[in-house]
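Engineer: below are the sequence and a predicted model; questions follow.
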Amino acid sequence: MLARALDSRRLRRLALKAAAAVAMLYIVLPLGFVTWLSFYAQEIPSYPPRGYTLDWYVAIMGNERFIRGLLLSAQLGLISTAIGLAVAVPAAVAIAHFRFRGRETINNLLLLPLMVPGVVLGTAIYVFHVETEINTGLPILGSLGGLVWGHVLVTIPWIVRLVTASLAGFDRTLEEAAQNLGATPWTTFRRVTLPSILPGVVAGALFGFVSSFGNLEMTLFLVGPGRTTLPIAILQYLQWKVDPTIAAISVVQIVLVAVAMLVTDRFVKLSRAV
Amino acid sequence: MQSDSARTGSPITASSLVGPAAVMTVIGLVLPVLLLLRYSLNLYDPRELMIETVSPANYVKFFTDIYYLDVFFTTVWVAMFCTLVCLIMGFPLAYVLARTQSRFKNVLIILVVMPLFVGNAVRAAGWMTLFGSQGFLSISLMDLGLASGPTELMFTTQAVIIGIIAVNLPFMVLTLQSVIEGIDRAMEEAAFSLGAAPMTMFRRVLWPMALPGIIAGTILTFILGMNAYATPVLLGGPEFKMMAPLVFGQFQLNNWPFGAAVAFILMTTTLSLTALAAFWMQKRVRLG
């Protein structure tokens, strides 16, 4: 009787794990296949491959379009994350610390870029740029500045979310103690507040960077002539064909993201960050 | 008294800390969205491109044309279906991830998080390798004798649905996992030791306690499904239309007023269906 009960319990555990494994496989499967394709010997993605080669990885080094896209995306991600941190960390600290009027509204406002569809955000910023350029004569349409602004917006919600989350359990009497002991507000922030929000800042910076780096929908409307980010270059190529070259580019991106994730995981447990 | 004022914070400090980010978001997002709304009331003219006026014509055109209605309902239907599948597939994985004591938990989490940041186009490339008539799936099915000819999954609704589910599943899993992690395991054990069957435990303990996460995950997945762009464009091909590619297409055709109207219909539908779902689910909790 007991043995049978234990048996059926074990069976259920197994079924649960199997279901979980299926979902996990489903998530990882496309990345696996794209990696596999990047080693195919022939150019046409027909199965089974005639052999394997590393030639495609060598070939992408000489592909100027992809290299330029990669560099622009990396620059854009770094600049936007830096500006995003500069404006969003103070905002997050204020939202978590102070009870001021309109606090909830400001919080929702800053999370808005995550809620508004990418395509809507892109079209809205695009028409806004057109209108601003007509009315002021500033060459903002398709400019790097306009692109950066859009990407800063994308990083802000991640930083605000993760920094406020890391401050949720923070004991404010620590700050008061520091100030009572004669610390200036800046010293208090640097020595007391900053260490406790650091995991949130690192995670926010990372998520902000990757969401800027991978942004496609909004960016489609904001890139100027001759300026292409990596995701747009990949999309345009794929609309034409799928081959080991594009697979190799994809693998480069996968590896970059994986490294970034592993590094962040050293600072803050990812399972708690998302 | 002193500590009280510190906690409240002077309005000057708070606004100077919040100010820059708020101003950037208002100028960068709120004003543009309002302008877009204004544009959607203008009219398109092939010669002048845009005539300034206030007219509901674009919205009327959308909701009276069978073609656009078809795009609209396809989008809603695909998003709902994908969300449901994500919930069913995501729950077991989220539960196992939340409860596992494995040393490799971090690796498993990274495996779920990573695809999120690799980009939808890259993941679509993976499915394209799999789905082509000469691809892995088609050839394997023929080798196994399950299909007599090549299976062409590329540029079908099925391909788009499979692709969107894969894109959205990690969001559902991560949201559910973080909520389940917050539920004390002792609750589950208590239900079991009181003789509850696993399904009863799930229905009466786990589901209600995880409901905030379920609602959040469902909403997020639905929004992402409604707004999918890269997946329908790459896996659905030119014939398959969803709302986001339609918006982009209208802007490429220089019909900004209509494009703006479609963008607005997309956004308001998403937000109102989301609000409705959240309301309905919360109401059920209180009754149940």
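Structural biologist: Arrived safely. Because the structure is predicted, anything quoted here is derived from the model rather than measured.
Engineer: going forward, measure contacts between C-alpha atoms and count neighbours the same way
Structural biologist: Will do.
Engineer: the strands in the stretch 101-250 of chain B, which residues?
Structural biologist: Shown for the stretch 101-250 of chain B, no strands are assigned by DSSP state E, counting those that start in this stretch.
Engineer: show me the contacts for the residue of it found nearest chain A.
Structural biologist: Closest residue of the stretch 101-250 of chain B to chain A, CA to the nearest CA: residue B:126 (4.1 Å). Residue B:126 sits next to A:29-34 when contact means CA atoms under 8 Å, 6 or more residues apart in numbering or on different chains.
Engineer: need the buried ones from these selected in ChimeraX.
Structural biologist: Selection of buried members from the contacts of residue B:126 for ChimeraX, criterion 16 or more other CA atoms under 10 Å in any protein chain shown:
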select /A:29,30,31,33,34
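Engineer: residue B:44 in helix, strand or coil?
Structural biologist: Following DSSP: H, G, I helix; E, B strand; the rest coil, the label given to residue B:44 is strand.
Engineer: ok so, going back, so which of the contacts of residue B:126 reach chain B?
Structural biologist: The residues of the contacts of residue B:126 that also fall near chain B, by CA under 8 Å from any CA of the partner chain, are A:29-34.
Engineer: so which of those residues comes closest to residue B:13?
Structural biologist: Nearest to residue B:13 among those is residue A:31, at 47.0 Å by CA to CA.
Engineer: okay, the closest one: pLDDT?
Structural biologist: pLDDT, residue A:31: 90.
Engineer: which strands or helices does the helix or strand where it lies pack on?
Structural biologist: Using DSSP states H and E, residue A:31 falls within helix A:2-37. Using 3 or more CA pairs under 8 Å, 6 or more residues apart in numbering or on different chains; DSSP states H and E, the elements in contact with helix A:2-37 are helix A:244-267, helix B:66-99, helix B:105-118, helix B:120-131, helix B:157-181.
Engineer: pull the contacting residues for the residue nearest to residue B:58 when sequence neighbours are not counted.
Structural biologist: Nearest non-adjacent residue to residue B:58, counting by CA to CA, 6 or more residues apart in numbering or on different chains: residue B:258, 5.4 Å away. Neighbouring residues of residue B:258 by CA under 8 Å, 6+ apart: B:40, B:43-44, B:58-59, B:250.
Engineer: over to residue A:142?
Structural biologist: Contacts for residue A:142 (CA under 8 Å, 6+ apart) come out as A:222-225.
Engineer: out of those residues, who's the most crowded?
Structural biologist: residue A:222 (25 neighbours; other CA atoms under 10 Å in any protein chain shown).
Engineer: wait, it touches residue A:145, no?
Structural biologist: No: the criterion here is CA atoms under 8 Å, and residue A:222 misses it with residue A:145 at 10.1 Å.
Engineer: returning to that earlier point: tell me the one of the contacts of residue A:142 nearest chain B?
Structural biologist: Checking the contacts of residue A:142 one by one against chain B (CA to the nearest CA), the nearest turns out to be residue A:222, at 12.3 Å.
Engineer: got the phi/psi numbers for the closest one?
Structural biologist: Main-chain torsions, residue A:222, degrees, to the nearest 10: phi -110, psi -10.
Engineer: cool, and residue A:52?
Structural biologist: With angles defined as degrees, to the nearest 10, residue A:52 sits at phi -130, psi 150.
Engineer: quick check: beta-bridge partners of it?
Structural biologist: residue A:40 (DSSP bridges).
Engineer: shaky segments in chain B?
Structural biologist: For chain B, the stretches with pLDDT under 70 are B:1-12, B:284-288.
Engineer: coming back round to it: so which of the helices and strands packed on helix A:2-37 is the most packed in?
Structural biologist: Greatest average neighbour count among these goes to helix B:120-131 (a mean of 27), per mean count of other CA atoms under 10 Å in any protein chain shown.
Engineer: picking that back up, quickly find the element holding the residue nearest to residue B:58.
Structural biologist: Using DSSP H and E, residue B:258 sits in helix B:256-287.
Engineer: what separates that helix from the chain centre, distance-wise?
Structural biologist: Mean C-alpha position of helix B:256-287 versus that of the full chain (CA atoms, centre = their mean, to the nearest Å) differs by 12 Å.
Engineer: same check, this time on stretch A:19-36
Structural biologist: Stretch A:19-36 has its C-alpha centroid displaced from the chain centroid by 20 Å (CA atoms, centre = their mean).
Engineer: which other residues reach that stretch?
Structural biologist: With CA under 8 Å, 6+ apart as the test, stretch A:19-36 has contacts from A:247-248, A:250-251, A:254, B:89-90, B:92-94, B:96, B:111-112, B:115, B:122-127, B:129-130, B:166-167, B:169-170.
Engineer: how far off centre is the helix holding residue A:31?
Structural biologist: Computed by CA atoms, centre = their mean, the chain-centroid distance of helix A:2-37 equals 28 Å.
Engineer: and stretch A:231-241, by the same measure?
Structural biologist: The answer for stretch A:231-241 is 20 Å, by CA atoms, centre = their mean.
Engineer: who touches the nearest residue to residue B:170 once chain neighbours are set aside in this structure?
Structural biologist: Residue nearest to residue B:170 in three dimensions, not counting chain neighbours: residue B:112, with 5.6 Å by CA to CA, 6+ apart. Residue B:112 sits next to A:24, A:27-28, B:170, B:173-174 when contact means CA under 8 Å, 6+ apart.
Engineer: end to end, how far does stretch B:238-245 reach?
Structural biologist: Using CA to CA, to the nearest Å, one end of stretch B:238-245 lies 10 Å from the other.
Engineer: is chain A contacted by it?
Structural biologist: Yes: applying CA under 8 Å from any CA, one finds that stretch B:238-245 is in contact with chain A at residue B:244.
Engineer: who's in contact with that stretch?
Structural biologist: Contacts to stretch B:238-245, defined as CA under 8 Å, 6+ apart, come from residues A:119, B:71-72, B:74-75, B:155-157, B:226-229, B:232-233, B:262-263, B:266.
Engineer: change it to 6 Å
Structural biologist: With CA atoms under 6 Å, 6 or more residues apart in numbering or on different chains as the test, stretch B:238-245 has contacts from B:71, B:75, B:227, B:229.
Engineer: in three-state terms, label residue A:99 for me.
Structural biologist: Following three-state DSSP, residue A:99 is assigned to coil.
Engineer: count of neighbours near it?
Structural biologist: When counting by other CA under 10 Å, one arrives at 17 neighbours for residue A:99.
Engineer: what do you get for residue B:29?
Structural biologist: For residue B:29, using other CA under 10 Å, the count is 25.
Engineer: grab the nearest non-local neighbour of the residue nearest the centre of chain B.
Structural biologist: Centroid check for chain B by CA atoms, centre = their mean gives residue B:224 as the closest residue, at 1.9 Å. Nearest residue to residue B:224, sequence neighbours excluded (CA to CA, 6+ apart): residue B:168, at 6.9 Å.
Engineer: just the CA trace of the helix or strand hosting residue A:186, in PDB.
Structural biologist: Per DSSP H and E, residue A:186 falls inside helix A:185-188. What follows is helix A:185-188, C-alpha atoms only, in PDB (Å, rounded to 0.1, in the frame of the first residue of the first chain):
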ATOM      1  CA  PRO A 185      24.300  62.800   2.300                       C
ATOM      2  CA  TRP A 186      26.800  62.000  -0.500                       C
ATOM      3  CA  THR A 187      29.000  59.900   1.800                       C
ATOM      4  CA  THR A 188      25.900  58.100   3.100                       C
END
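Engineer: coming back round to it: what's the closest of the contacts of residue B:112 to residue B:19?
Structural biologist: For the contacts of residue B:112, the nearest to residue B:19 is residue B:174 (31.5 Å; CA to CA).
Engineer: just checking, what packs against the helix or strand hosting residue A:150?
Structural biologist: Assessed by DSSP H and E, residue A:150 sits inside helix A:144-167. Counting contacts by 3 or more CA pairs under 6 Å, 6 or more residues apart in numbering or on different chains; DSSP states H and E, helix A:144-167 is packed against helix A:64-97, helix A:103-115, helix A:194-213.
Engineer: need those helices in CSV (columns: mean neighbour count and mean pLDDT).
Structural biologist: Below are these laid out as CSV (neighbours: other CA atoms under 10 Å in any protein chain shown; pLDDT from 0 to 100):
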stretch, mean neighbour count, mean pLDDT
helix A:64-97, 21, 88
helix A:103-115, 18, 83
helix A:194-213, 23, 82
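Engineer: sweet, I'm off.
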